[in-house]
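1. have a look; sequence and predicted model below, questions after that.
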Amino acid sequence: MPAPLESDLLRSFLAVCETGSLTAAAGRVGRTQSALSMQIKRLEEVVGTPLFERQPRGVVPTAAGRQLSGYARRVVDLLEVAGAALRTADCAGPVRIGVPVEFSDTALANALVRFGDLHPGAEVTVVSDYSSPLRDRFDRRELEIAILYQRPETAAGEILRVEPTVWVTSERYQQHLKRPLPVASYFGSRWCQDHMIGSLRRNGTDYRIAFECDTTMGFLSAVRAGLAVVALTRSVVPEGCRELTAEDGFPTVDLSALVMLRSAAAGPVAQRLADLVSRVFHEGTN
């Protein structure tokens, strides 16, 4: 009789698939790299075929590894659902989380839906807004969790990631080739003047304001439609658009830290939701 596929081996296998690195995967599952390597070797012996191949920048799944990953994910998810069902007594009730508006259609949103599936007794309310009002709501104890942008050098809270703000153009309309450069700007924004427009002036780029709005969704619409180039954090560059690099003549605008704040009075449901959010970002799935 073939040896069974142990859930612990499958979790380690998925960690390697998702990180592409034995070192990073070992840190995620709380094992040494040698112990993790032994787990992968054991799993390969069970299935009778190599699951990974080495490349210059890490490891990637073989054809068999890719096939196994789908089954492994379903098994691990089912185990999590089963475990959550047994823990619903201490993971029930309302929880309020504030998220940046540009994350309304990302893996973070999918994770929030998944949290509700895992914990049916949890009543999640999502507040989508900008960093300043989210911080105000958190300080007024209207939110148990707040995800917002801060300056990296003064960031307070759990840093989920630090990423650049970059110039973005439509791949179809190529507005970045025009001069004066058509750019989008927020109404009365000090950040736009100091950082966005400031970067163009420092670079000696002739520009004009071609689109004004007060929402990030407006920026996304403007660049998709070819009305203007816009400045966005790298992770939210929309489909059909691309980042403009120094080779295109566009230096990075600035750096932003995405930070999560947790209320000191948060109960079990809020703590578990915050832990899930942390995993989403640190595992690079958003």
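-> Perfect, I can see it now.
2. for the stretch 51-200 of the chain, just list every one of the strands.
-> For the stretch 51-200 of the chain, applying DSSP state E, counting those that start in this stretch gives strands covering 52-55, 58-61, 93-100, 122-129, 145-150, 158-170, 181-186.
3. tell me the angle of the third one relative to strand 145-150?
-> It stands for strand 93-100. Relative orientation of strand 93-100 versus strand 145-150 (axes from the mean of the first three to the mean of the last three C-alpha atoms, to 10 degrees): 10 degrees.
4. what residues of strand 93-100 count as buried?
-> Buried residues in strand 93-100, counted by 16 or more other C-beta atoms under 10 Å: 95-100. For the C-beta atoms, the positions are set from N, CA and C on the backbone; glycine is no exception.
5. okay, the strands of the stretch 51-200 of the chain in CSV with distance to residue 247 and mean pLDDT next?
-> Formatted as CSV, the strands of the stretch 51-200 of the chain follow (distance: least, C-beta to C-beta, whole Å; pLDDT from 0 to 100):
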stretch, distance to residue 247, mean pLDDT
strand 52-55, 25, 90
strand 58-61, 26, 88
strand 93-100, 29, 93
strand 122-129, 35, 92
strand 145-150, 27, 94
strand 158-170, 12, 93
strand 181-186, 16, 97
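6. out of those, which is closest to residue 69?
-> Nearest to residue 69, of all those, is strand 58-61, at 6.2 Å by C-beta to C-beta.
7. show me the shaky parts of this structure.
-> Low-confidence regions of the chain, defined here as pLDDT under 70, cover residues 1-4, 81-90, 104-107, 283-286.
8. may I ask you to name the longest helix in it?
-> Of all segments of type helix in the chain, defined using DSSP state H, the longest is helix 63-86.
9. and the contacts of that helix?
-> For helix 63-86, the surrounding residues in contact (C-beta atoms under 8 Å, 6 or more residues apart in numbering) are 5, 7, 10-11, 13-14, 17, 47, 49-52, 61, 91, 117-119.
10. so that helix versus strand 122-129, what angle?
-> 110 degrees.
11. who's in contact with residue 11?
-> Contacts of residue 11 (C-beta under 8 Å, 6+ apart): 29, 76.
12. next up, identify which helix or strand it is on.
-> helix 7-19 (DSSP states H and E).
13. mind checking what helix or strand follows that helix in sequence?
-> From helix 7-19 onward toward the C-terminus, using DSSP H and E, the following helix or strand is helix 22-29.
14. all helices for the stretch 101-250 of the chain, in order.
-> Per DSSP state H, counting those that start in this stretch, the stretch 101-250 of the chain carries helices over the ranges 107-118, 131-139, 190-191, 197-203, 216-225.
15. nearest to residue 25, out of those helices?
-> So among those, helix 107-118 is nearest, using C-beta to C-beta, at 18.8 Å.
16. one step back: please identify the most buried of the helices of the stretch 101-250 of the chain.
-> helix 216-225 (a mean of 19; mean count of other C-beta atoms under 10 Å).
17. output the contacting helices and strands for that helix.
-> strand 158-170, strand 181-186, strand 207-213, strand 230-233 (3 or more C-beta pairs under 8 Å, 6 or more residues apart in numbering; DSSP states H and E).
18. does residue 158 really touch residue 259, like I thought?
-> Yes: judged on C-beta atoms under 8 Å, residue 158 makes contact with residue 259 at a distance of 6.5 Å.
19. and the two? which has more neighbours close in?
-> Neighbour totals were compared for residue 158 and residue 259, and residue 259 leads with 22 against 16 (other C-beta atoms under 10 Å).
20. tell me if I am right that that one is in a strand.
-> Yes: per DSSP: H, G, I helix; E, B strand; the rest coil, residue 259 lies within a strand segment.
21. angle of the helix holding residue 11 against helix 22-29?
-> 130 degrees.
22. mind starting the numbering at 15 from now?
-> All set: I'll call the first residue 15, so the last point we hit is now helix 21-33.
23. related to what we said a few turns ago, tilt between the longest helix of the chain and helix 121-132?
-> Using the same axes, to 10 degrees: helix 77-100 against helix 121-132 is 50 degrees.
24. how much distance is there from helix 77-100 to the middle of the chain?
-> 21 Å (C-alpha atoms, centre = their mean, to the nearest Å).
25. buried set for it?
-> 79, 82-83, 86, 98.
26. nearest to residue 239 among those?
-> residue 83 (37.5 Å).
27. give me the distance between that closest one and residue 52.
-> 20 Å (C-beta to C-beta, to the nearest Å).
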